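Trainee: coords please:
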Amino acid sequence: MFGLSLSAITLIHVVISLIAIVAGFVVMFGLLGSKSMPGLTAIFLLFTILTSATGFLFPFKELLPSHIIGIISLVLLAIACFALYGMNLSGVWRPVYIVTAMISLYFNVFVLVIQSFLKVPALAALAPAVPPAPPSGPVFAVVQGIVLVFFVVLTIGAWRRYKPMTFA
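Mentor: Predicted coordinates:
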């Protein structure tokens, strides 16, 4: 695709995803501190959109769960961008932005955990996968459960604490 090898597309996708995740965590903790970070927020949203979009560059024969997550994430990101840039977080759009942006970040971390269990030998030994199925087992379930609880708690915290003065 675009004259790039599959390994090049994979590398680009992984780098974009990691930038999105790191920026997303900084933005998340900024929300908890009621700090608007326009530049970093734009980077988070852009790179999270690119993460979902570049996921569709990989060859596929059928619709997979990863594609569904990508589609849902793109819809959530469109809503988050509209809430932030179109509605300036006014009224109900503030919590809409927080929830949609944080769910999109959660999806990226959810996929990062899956990929880590698939690619890191020590983790793969704890939760073996039989392709094309994702990793499974109690260790994998506990890790994903911890990630989910972490995001639910911090999203609720951001909802309660983030009160932007202005976002320009």
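
Trainee: Now for this protein, the helix or strand with the poorest mean pLDDT.
Mentor: When the helices and strands of the chain are compared on mean pLDDT, DSSP states H and E, helix 121-126 comes out lowest with a mean of 85.

Trainee: which residues are contacting that one?
Mentor: S116, F117, L118, P135, G137, V139, F140 (CB atoms under 8 Å, 6 or more residues apart in numbering). Any C-beta I mention is one placed from the backbone N, CA and C, and that applies to glycine too.

Trainee: before we move on, what about stretch 94-106?
Mentor: By CB under 8 Å, 6+ apart, stretch 94-106 touches 20-21, 24-25, 27-28, 31, 44-45, 48, 73, 76-77, 79-80, 83-84, 89, 147-148, 151, 154-155, 158-159, 162-164.

Trainee: contact partners of the following helix or strand past the least confident helix or strand of the chain?
Mentor: Next helix or strand after helix 121-126 toward the C-terminus (DSSP states H and E): helix 138-161. Applying CB under 8 Å, 6+ apart, the contact partners of helix 138-161 are 28, 31-34, 95, 98-99, 102-103, 105-106, 109-110, 113, 117, 126-127.

Trainee: And the buried ones among these, selectable in PyMOL?
Mentor: Buried members of the contacts of helix 138-161, defined by 16 or more other CB atoms under 10 Å, are picked up in PyMOL with:
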select buried, resi 28+31+95+98+99+102+103+105+106+109+110+113+117+127
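
Trainee: Out of the contacts of helix 138-161, name the ones that lie in strands.
Mentor: Using DSSP state E, no member of these falls within strands.

Trainee: now, which of the contacts of helix 138-161 lie within helices?
Mentor: 28, 31-32, 95, 98-99, 102-103, 105-106, 109-110, 113, 117, 126 (DSSP state H).

Trainee: circling back: list only those of the contacts of helix 121-126 flagged as buried.
Mentor: Applying 16+ other CB under 10 Å to the contacts of helix 121-126 flags S116, F117, P135, F140 as buried.

Trainee: out of the residues you listed, who's nearest F56?
Mentor: S116 (21.7 Å; CB to CB).

Trainee: Tell me which two of the ones in helices among the contacts of helix 138-161 sit farthest apart.
Mentor: P95 and L126 (36.8 Å).

Trainee: What count of nearby residues applies to Y97?
Mentor: Neighbours of Y97 under the rule other CB atoms under 10 Å: 28.

Trainee: The residue lying closest to it once chain neighbours are set aside: neighbour count?
Mentor: Counting by CB to CB, 6 or more residues apart in numbering, Y97 lies nearest to A83, which is 3.8 Å off, once chain neighbours are set aside. Residues near A83, counting by other CB under 10 Å, number 23.

Trainee: Noted, bye for now.
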